[in-house]
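Novice: no sequence for this one, just the structure:
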């Protein structure tokens, strides 16, 4: 069994916890990941801007940042469960992008959660080939829930 925990660190009511957990767990199942845990933290633009500047050296707001624990080889992680890491999602930026792309906030948040999760699993989109693989996997998971653009 996998554990996806969502923390809402904004002052806004957050109605998407169940669907985000479902699609995140589906992505883990699709990747044959068992006994894993990750956290998804919903924040505002100010918070994610600070994270982006401090940890990535990029002085601007972003939509999602993943911190993969398995990237740090010095960490000793128990065999019983995989601690994948944390995904931070800006609710403000998700709202902006949903409007910009002409789809629902639910779709944008689910996309960002699954996108962040694939980063925790080691996927990236630095090259065209990597991007094709990663984005195809994301869209397949979202389509299973009818979450389309």
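Specialist: Looks like it came in fine. Not measured: the values here are computed from a predicted model.
Novice: Flag the shaky bits of this structure, pLDDT-wise.
Specialist: Applying pLDDT under 70 to the predicted model, the residue ranges of the chain that meet it are 71-79.
Novice: can you pull out the helices in this structure?
Specialist: Assigned by DSSP state H, the helices in the chain fall at 17-30, 45-56, 91-101, 105-120, 128-144.
Novice: Could you say which of those is packed most deeply?
Specialist: Among the helices of the chain, judged by mean count of other CB atoms under 10 Å, the one packed with the most neighbours on average is helix 105-120 (a mean of 24). All C-beta atoms are positioned from the backbone trio N, CA, C, and that covers glycine.
Novice: Other residues contacting it?
Specialist: Under the contact criterion CB atoms under 8 Å, 6 or more residues apart in numbering, helix 105-120 has outside partners 16, 19-20, 23-24, 27-28, 38, 40, 63-66, 68, 70, 84-85, 87-89, 91, 94-95, 97-98, 101, 134, 137-138, 141-142, 145, 147-149.
Novice: Could you do stretch 21-30 as well?
Specialist: Stretch 21-30 is contacted from outside by 2, 4, 6, 34, 36, 38, 40, 110, 113-114, 117-118, 137-138, 140-142, 144-145, 147, using CB under 8 Å, 6+ apart.
Novice: same thing but at 6 Å, please
Specialist: Counting by CB atoms under 6 Å, 6 or more residues apart in numbering, the neighbours of stretch 21-30 from elsewhere in the structure are 2, 4, 36, 110, 113, 114, 117, 141, 145.
Novice: would you list those in JSON lines and tack on distance to residue 126?
Specialist: Written out in JSON lines, the entries for the contacts of stretch 21-30 read as follows (distance: CB to CB, whole Å):
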{"residue": "2", "distance to residue 126": "27"}
{"residue": "4", "distance to residue 126": "26"}
{"residue": "36", "distance to residue 126": "24"}
{"residue": "110", "distance to residue 126": "23"}
{"residue": "113", "distance to residue 126": "21"}
{"residue": "114", "distance to residue 126": "18"}
{"residue": "117", "distance to residue 126": "18"}
{"residue": "141", "distance to residue 126": "21"}
{"residue": "145", "distance to residue 126": "28"}
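Novice: Fine by me, we can end here.
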